[in-house]
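Chemist: The following comprises the amino acid sequence and a computationally predicted model.
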Amino acid sequence: MAAKKGPDRLAEYRGKRAASKTPEPVPSEGPLPEGDDDTFVIQEHHARSLHWDLRLERGGVLVSWAVPKGVPADPKTNHLAVHTEDHPLEYASFEGDIPKGEYGAGQMTIWDRGTYETEKWSDREVKVVLHGTRVSGRYVLFRTGGKNWMIHRMDPPADPDAEPVPESVRPMLPEERDRLPRDRAGHAYEFAWGGRRLIAYVEGGRTRFTDARGRAAGGPAGLGSRLGAALGARPAVLDGELAEVEGRETYLLSDLLYLDGRSLLDAPYEERRERLDGLELNAARWQTSPWYPGEADAVRDAAREQGLPGVLAKRLDSPYEPGGRSAAWRYVRV
């Protein structure tokens, strides 16, 4: 008598995809491969909303969860993990663009991968030890209802010295002066755009804003989600202003106050600006505002020609002083 055929664990996966329309691996129905049940992958998925997909090899497939805010690095924070359909083992190496109109449309990249050990596996609880490049440690996934699970880090924080993203930072303000500073070489110069000051707090691919008084504020529709997606898993606090540039409302970024678990308030302005430039945050809705060390006259002349209200002179060695006016920054009308 022939052996009884078990359920096709990839039927749901195949039913959502057409091999002719997506670059994803779509294996035909047949016996599942036999592995060691020790491979994991975390993929960053820029779909309709940014999320990360955690996949664990188990019984010839990748058991999968969509984690909207990514795998938590601190045991104080649990993150939602939504159980999704099993994926084929070949998906552990997949990177590419899923076409618009197809299931899961958007860019998929490998964020981390490695091996894992199983401590417990049941229908309601999965305990594993991950050994990756970015993520290592003991984690538990526990079911809370339906497809909704939570993921919790069981080990101490991955970075014990990491600082949380601040709840609110009031912007540093310049003193208004009639003249540019005498020490031209010791300052950098920026355009004053005459816009609305906004501080952006990015965490888990999501963004919230506060205004000049440190109160919760809204940004233009879609700005927060797109800016969050641009930074991905990197937590950051950005200072900028919302202004009209060439007829388009644009968020102009001018300072970096926090990045990857570290406050940068005490770092010199020059270092903060160099690190902000390194993030390469430039798109249709936001831009990194230029800065020009030592070029006082050229910036003032360009501001006048463009009809901008003024110039900001910022001392290269100045820390960020939240909430008050500082002589380290100077605003000069043009």
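Modeler: All right, it came through fine.
Chemist: quick one: the nearest residue to Arg143 once chain neighbours are set aside from Gly60, how far?
Modeler: Spatial nearest neighbour of Arg143, excluding adjacent residues (CB to CB, 6 or more residues apart in numbering): Arg124 at 4.5 Å. For every residue, glycine as well, the C-beta is placed using N, CA and C. Arg124 sits 22 Å away from Gly60, going by CB to CB, to the nearest Å.
Chemist: What ranges in this protein fall below the confidence cut-off?
Modeler: Within the chain, the stretches with pLDDT under 70 are 1-6.
Chemist: contacting residues around Gly104?
Modeler: Residues near Gly104 by CB atoms under 8 Å, 6 or more residues apart in numbering: Lys16, His45, Ala47, Ile98.
Chemist: Put the buried members of those into a PyMOL selection.
Modeler: Buried subset of these, written as a PyMOL selection, criterion 16 or more other CB atoms under 10 Å:
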select buried, resi 45+47+98
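Chemist: For the contacts of Gly104, work out which two are farthest apart.
Modeler: The span of the contacts of Gly104, defined through CB to CB, is set by Lys16 and His45 at 14.3 Å.
Chemist: and Asp183, how many residues sit next to it?
Modeler: Using other CB atoms under 10 Å, Asp183 is surrounded by 12 other residues.
Chemist: what's the answer for Ala283, then?
Modeler: 14.
Chemist: And it, how close does it get to Asp239?
Modeler: Applying CB to CB to Ala283 and Asp239 gives a distance of 18 Å.
Chemist: just Thr210 next, same as before
Modeler: 10 Å.
Chemist: what do these two both touch?
Modeler: The contact sets of Thr210 and Asp239 overlap at Val169, Ile199 (CB under 8 Å, 6+ apart).
Chemist: show me what contacts Arg234?
Modeler: By CB under 8 Å, 6+ apart, the contact set of Arg234 is Val202, Leu259, Asp260, Leu279.
Chemist: at 7 Å instead, please
Modeler: When contacts are counted by CB atoms under 7 Å, 6 or more residues apart in numbering, Arg234 touches Leu259, Asp260.
Chemist: Over to the one 3 residues further on?
Modeler: For Val237, the contacting residues are Val165, Pro166, Val169, Ile199, Tyr201, Leu257, Tyr258, taking CB under 7 Å, 6+ apart as the criterion.
Chemist: How is the third one assigned, secondary-structure-wise?
Modeler: In three-state terms, and counting by DSSP: H, G, I helix; E, B strand; the rest coil, Val169 is coil.
Chemist: Was I right to think it contacts Pro322?
Modeler: Yes: using CB atoms under 7 Å, Val169 is in contact with Pro322, at 5.1 Å.
Chemist: Mind checking which residue lies nearest the centre of this structure?
Modeler: Most central in the chain under CA atoms, centre = their mean is Gly232, positioned 2.5 Å from the mean C-alpha point.
Chemist: show me what contacts that one?
Modeler: Counted by CB under 7 Å, 6+ apart, Gly232 has contacts Glu44, Gly205.
Chemist: how about 10 Å then?
Modeler: Glu44, His46, Leu50, Trp52, Gly70, Thr109, Trp111, Val202, Gly204, Gly205 (CB atoms under 10 Å, 6 or more residues apart in numbering).
Chemist: And the helices in the stretch 1-150 of the chain, which stretches?
Modeler: Ranges of helices in the stretch 1-150 of the chain, per DSSP state H, counting those that start in this stretch, are 11-15.
Chemist: show me where it has strands.
Modeler: 39-46, 50-58, 61-67, 79-83, 87-88, 96-98, 106-121, 125-132, 136-145, 148-153 (DSSP state E, counting those that start in this stretch).
Chemist: Make TSV from these and add distance to Ala192 to it.
Modeler: Shown next, in TSV, are these (distance: least, CB to CB, whole Å):
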stretch	distance to Ala192
strand 39-46	34
strand 50-58	33
strand 61-67	41
strand 79-83	40
strand 87-88	51
strand 96-98	40
strand 106-121	36
strand 125-132	45
strand 136-145	46
strand 148-153	44
